[in-house]
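Novice: Here is the input, now give the coordinates:
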Amino acid sequence: MDAEGLTAVVLNWRTPGHAVRAVRALIDTGVAARRIVVVDNASGDGSVERLRRELPDCVLLALDENLGFARANNAAARALPGDAYLFVNSDAFAHGPGSVERLLGALDDPAVGIAVPRLLNPDLTLQPSVMPASTPLPELVRASGLSRLVPNRWQPALGTHWDHSESRRIQSAVGAVMLVRGRAWEDVGGFHERSFMYAEDHDLFRRAAGAGWRARFVAEAEFVHLGGASAQGRWDDPQRAERVARAEAAMVRDHLGPVRARLTLGFMAAGMAARAAFHRVRGDRERAAAQRAWLRGYLDRGRG
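Specialist: Just a heads-up that it's a prediction; the model follows:
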């Protein structure tokens, strides 16, 4: 698949400088400006004016209220339908020429519905992003602290310590950058709008798999990801952690039966409790507070 029918979406909330950089990086790697939708989620800080001024050839969707991650991205996809949709966080930047083209190449396999690139930290070191879908076995392995000892060939299915050295089929990944085939997008109905933000990426992987679509990690496509740029202006680390965990817990309950969901969340909570205790003993109060926030979120019966 080529970039001609691609719709790229960059969602902004009070990070216009990042959004402009993200869009320009996409253009530099071959995406036509007219095929890029820049969504402003009611920032109210002058973002719309800056985006309109600096990205005049893009489609600008200025929302009247902050719809959250899922609803805003779904609105962008409706505004500019495409054969495939590339969702890019405002703090994620295509690294080097050809990254989008290589990502699109994954869709040459008609079974692939979602493709994700390798994510890099700002210093260009690996930012691990591929992970297993949360079910009892991988969460037990992670909670036990043995995940690092699992052989690399088993890591994507049982842990988060895979070396990301090769392109391959995966279960789930961080959705800072996600390419979704248009037919797969239609099959699953876009992002689930259950929560304001968080866990929409993992939910989409699960629903796409349930509809018969495969997901693929493309090692040859790279994006630099800063991480949490919008959330940092809204919540501190423990607040954000609790919200992410609550959304993940709601997603697990949606996709697993009652028994498997309780087991999975029990292992996830146990792992966080152990980490919180470890950091408290070490005297690292900040990290202990963050782990306790994750624990509260996993135990919360709210909907995210």
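
Novice: What segments of the protein are helices?
Specialist: Ranges of helices in the chain, per DSSP state H, are 16-28, 47-54, 68-79, 99-105, 136-144, 155-158, 182-188, 200-210, 237-255, 258-282, 285-299.

Novice: residues in contact with stretch 245-265?
Specialist: Residues from elsewhere that reach stretch 245-265, judged by CB atoms under 8 Å, 6 or more residues apart in numbering: 134-136, 139, 194-195, 197-199, 202-203, 206, 268, 272, 293-300, 302-304. C-betas here are computed from N, CA, C, even on glycine.

Novice: ugh, wrong one, stretch 157-168
Specialist: Counting by CB under 8 Å, 6+ apart, 106, 118, 126, 128-132, 137-138, 141-142, 147-148, 150, 152, 155-156, 171, 216-220 sit against stretch 157-168.

Novice: hmm, which of the residues you listed are the buried ones?
Specialist: Those of the contacts of stretch 157-168 that meet the buried threshold are 106, 118, 128-132, 138, 141-142, 147, 150, 155-156, 171, 216-218, 220, by 16 or more other CB atoms under 10 Å.

Novice: quick one: which of the residues you listed sit in strands?
Specialist: Within the buried ones among the contacts of stretch 157-168, membership in strands is found for 118, 130, 131, 216, 217, 218, 220, as judged by DSSP state E.

Novice: Of all pairs in the residues you listed, which one is the farthest apart?
Specialist: 131 and 220 (20.1 Å; CB to CB).

Novice: returning to that earlier point: can you put the ones in strands among the buried ones among the contacts of stretch 157-168 in JSON lines and add distance to residue 90 and pLDDT?
Specialist: What follows is those, written out as JSON lines (distance: CB to CB, whole Å; pLDDT from 0 to 100):
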{"residue": "118", "distance to residue 90": "19", "pLDDT": "98"}
{"residue": "130", "distance to residue 90": "22", "pLDDT": "97"}
{"residue": "131", "distance to residue 90": "22", "pLDDT": "95"}
{"residue": "216", "distance to residue 90": "24", "pLDDT": "98"}
{"residue": "217", "distance to residue 90": "22", "pLDDT": "98"}
{"residue": "218", "distance to residue 90": "21", "pLDDT": "98"}
{"residue": "220", "distance to residue 90": "24", "pLDDT": "97"}
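
Novice: Which member of those is positioned nearest residue 86?
Specialist: residue 218 (12.1 Å).

Novice: how close does residue 28 get to residue 1?
Specialist: 20 Å (CB to CB, to the nearest Å).

Novice: Which of these two has more residues huddled nearby?
Specialist: residue 1 (17 against 14; other CB atoms under 10 Å).

Novice: residues in contact with that one?
Specialist: Residue 1 neighbours (CB under 8 Å, 6+ apart): 83, 84, 104, 105, 107, 108.

Novice: For residue 166, see how far away residue 99 is.
Specialist: For residue 99, the distance to residue 166 - CB to CB - is 16 Å.
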